[in-house]
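Chemist: no sequence on this one, just coordinates:
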């Protein structure tokens, strides 16, 4: 699909080198927090090296930075720390001029096919698709079987999925604004999403999600018309998966330079061990996403099995230490989260959870 792809690289606040820190200095302003854009000088230098490589790859059109069908790819480097929402605001103010825009997060992967072209054409042909749709999301772990999840957790009936012209898949209303990759109208982003104070480091999901949810729960589905958020219901498989940046690590040179044939062989060699728990299939070399039914292989990244084992142990310990006060998003009962729901088939019978391998190289 011909399109203009803009990569936004956020700025950062550079802290002194770790060698320059004073022992016993407990000032939180001097503690590295990469998520909040605070980097020790060593980390900042690594980021500058990364940006240099990315800049050269975009300039030289090194795969995968190759425009398709007359489109373009460009890198915009923000000089100061913005955060998600202010960065989007900058793009929508100074860069985006098209009536439609697709906003994607760097840590969201498309792990299954989705009809992007058809969604774009349908939204262009009829504004709102005839149902007031202003923003189209794609299936993720959070939105699978969404109608039943909302019914169980909030006792709210979303009604039947809506069919629209030129789309083979129905649309399900969302009661929460998710910060996942989505297609929307540019004017909607400017007038609805960005028409508020955006503090540095803020996220639209935090600013819009809770507000939309509370409004719909208090006024009913009549309030949904003001938000117009839907998810394209393609069935029982995730289309998007969020990658944990805290757990993914750079793979060794050998892993990152593997050819497609090498990766395919690796998948075949490990296929017999890909039935079981997350810890078991986390051992697959070169992979790091752990969607409900999918695992993606991404050259250059790895997900150490020891790290996953520790995470599972810590999560279980934490779950017992801090009682869960909300309703489970799977069964609707209080006292546990979806991850620890006793009614989930894959927890009752781990051997039934077959993992699909997706090669993203």
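Modeler: Cool, got the structure. Since the model is a prediction, treat every value here as computed from it, not as a measurement. Numbering: from 1, shown residues only.
Chemist: alpha carbons only for contacts and neighbour counts from here, please
Modeler: Will do.
Chemist: pretty sure residue 135 sits against residue 184.
Modeler: Yes: judged on Cα atoms under 8 Å, residue 135 makes contact with residue 184 at a distance of 4.4 Å.
Chemist: from the contact counts, what lies against the longest helix anywhere in the chain?
Modeler: Scanning the chain for the helix with the most residues, using DSSP state H, yields helix 41-60. If you count contacts as 3 or more Cα pairs under 8 Å, 6 or more residues apart in numbering; DSSP states H and E, helix 41-60 packs onto strand 13-15, strand 72-77.
Chemist: what is the mean pLDDT for that helix?
Modeler: Helix 41-60 shows a mean pLDDT of 94.
Chemist: so where's the chain shaky on pLDDT?
Modeler: 1, 18-28, 244-300, 303-323, 325-327, 329-330, 332, 338-339, 344-361 (pLDDT under 70).
Chemist: now do the buried residues in stretch 127-138.
Modeler: 128-129, 132-138 (16 or more other Cα atoms under 10 Å).
Chemist: which among these gets closest to residue 223?
Modeler: Nearest to residue 223 among the buried residues of stretch 127-138: residue 132, at 12.1 Å, using Cα to Cα.
Chemist: now do the contacts for the closest one.
Modeler: Counting by Cα atoms under 8 Å, 6 or more residues apart in numbering, residue 132 touches 225, 228.
Chemist: so it lies in a strand, does it not?
Modeler: No: the assignment for residue 132, made by DSSP: H, G, I helix; E, B strand; the rest coil, is coil rather than a strand.
Chemist: who touches residue 10 in this structure?
Modeler: With Cα under 8 Å, 6+ apart, residue 10 has these contacts: 77-83, 87.
Chemist: for PyMOL, write a command that selects the buried ones of these.
Modeler: The PyMOL selection below is limited to those of the contacts of residue 10 classed as buried (16+ other Cα under 10 Å):
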select buried, resi 81+82+83+87
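Chemist: now tabulate the contacts of residue 10 in a markdown table and tack on distance to residue 16.
Modeler: Listed next are the contacts of residue 10 as a markdown table, based on distance: Cα to Cα, whole Å:
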| residue | distance to residue 16 |
| --- | --- |
| 77 | 22 |
| 78 | 21 |
| 79 | 18 |
| 80 | 17 |
| 81 | 17 |
| 82 | 20 |
| 83 | 21 |
| 87 | 25 |
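Chemist: can you put the contacts of residue 10 in TSV and add distance to residue 56 and secondary structure?
Modeler: Converted to TSV, these look like this (distance: Cα to Cα, whole Å; DSSP: H, G, I helix; E, B strand; the rest coil):
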residue	distance to residue 56	secondary structure
77	13	strand
78	17	coil
79	18	coil
80	21	coil
81	22	coil
82	23	coil
83	24	coil
87	22	helix
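Chemist: hang on, isn't residue 229 packed against residue 131?
Modeler: No: between residue 229 and residue 131 there is no contact, the gap being 10.5 Å when judged by Cα under 8 Å.
Chemist: ok, now which ones touch residue 2?
Modeler: 68-71.
Chemist: quick one: contacts of the longest helix of the chain?
Modeler: With Cα under 8 Å, 6+ apart as the criterion, helix 41-60 contacts 9, 12, 14-18, 63, 65-66, 73-75.
Chemist: residues of that helix that come out buried?
Modeler: 41, 43-44, 54-55, 58.
Chemist: which of these sits closest to residue 33?
Modeler: Nearest to residue 33 among the buried residues of helix 41-60, with distances taken as Cα to Cα, is residue 43, at 10.5 Å.
Chemist: neighbours around the residue lying closest to residue 236 once chain neighbours are set aside, how many?
Modeler: Closest residue to residue 236 apart from its sequence neighbours, by Cα to Cα, 6 or more residues apart in numbering: residue 144 at 6.6 Å. Residues contacting residue 144 under the criterion other Cα atoms under 10 Å number 19.
Chemist: ditto for the one 3 residues further on
Modeler: Other residues lying near residue 147 total 18 when counted by other Cα under 10 Å.
Chemist: now swap in residue 119 and tell me
Modeler: Per other Cα under 10 Å, the neighbour tally for residue 119 reads 20.
Chemist: ok, it - contacts?
Modeler: residue 167.
Chemist: what do you get for the one 10 residues further on?
Modeler: Residues in contact with residue 129 (Cα under 8 Å, 6+ apart) are 122-123, 164-165.
Chemist: before we move on, back to that, format the helices and strands packed on helix 41-60 as a markdown table; extra columns: distance to residue 157.
Modeler: Conversion of the helices and strands packed on helix 41-60 to a markdown table gives the following (distance: least, Cα to Cα, whole Å):
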| stretch | distance to residue 157 |
| --- | --- |
| strand 13-15 | 46 |
| strand 72-77 | 42 |
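Chemist: which of those strands is buried the deepest?
Modeler: strand 13-15 (a mean of 18; mean count of other Cα atoms under 10 Å).
Chemist: what are the contacting residues of that strand?
Modeler: Under Cα under 8 Å, 6+ apart, the answer for strand 13-15 is 30, 32, 37-41, 44, 80-81.
Chemist: give me that answer again for 7 Å
Modeler: 30, 37-41, 44, 81 (Cα atoms under 7 Å, 6 or more residues apart in numbering).
Chemist: do you know how far the nearest residue to residue 74 once chain neighbours are set aside is from residue 190?
Modeler: Spatial nearest neighbour of residue 74, excluding adjacent residues (Cα to Cα, 6+ apart): residue 6 at 5.1 Å. Plainly put, residue 6 is 17 Å away from residue 190 if you go by Cα to Cα, to the nearest Å.
Chemist: surely residue 172 is in a strand?
Modeler: Yes: assessed with three-state DSSP, residue 172 lies in a strand.
Chemist: state the number of residues packed around residue 219.
Modeler: So residue 219, with other Cα under 10 Å, has 10 neighbours.
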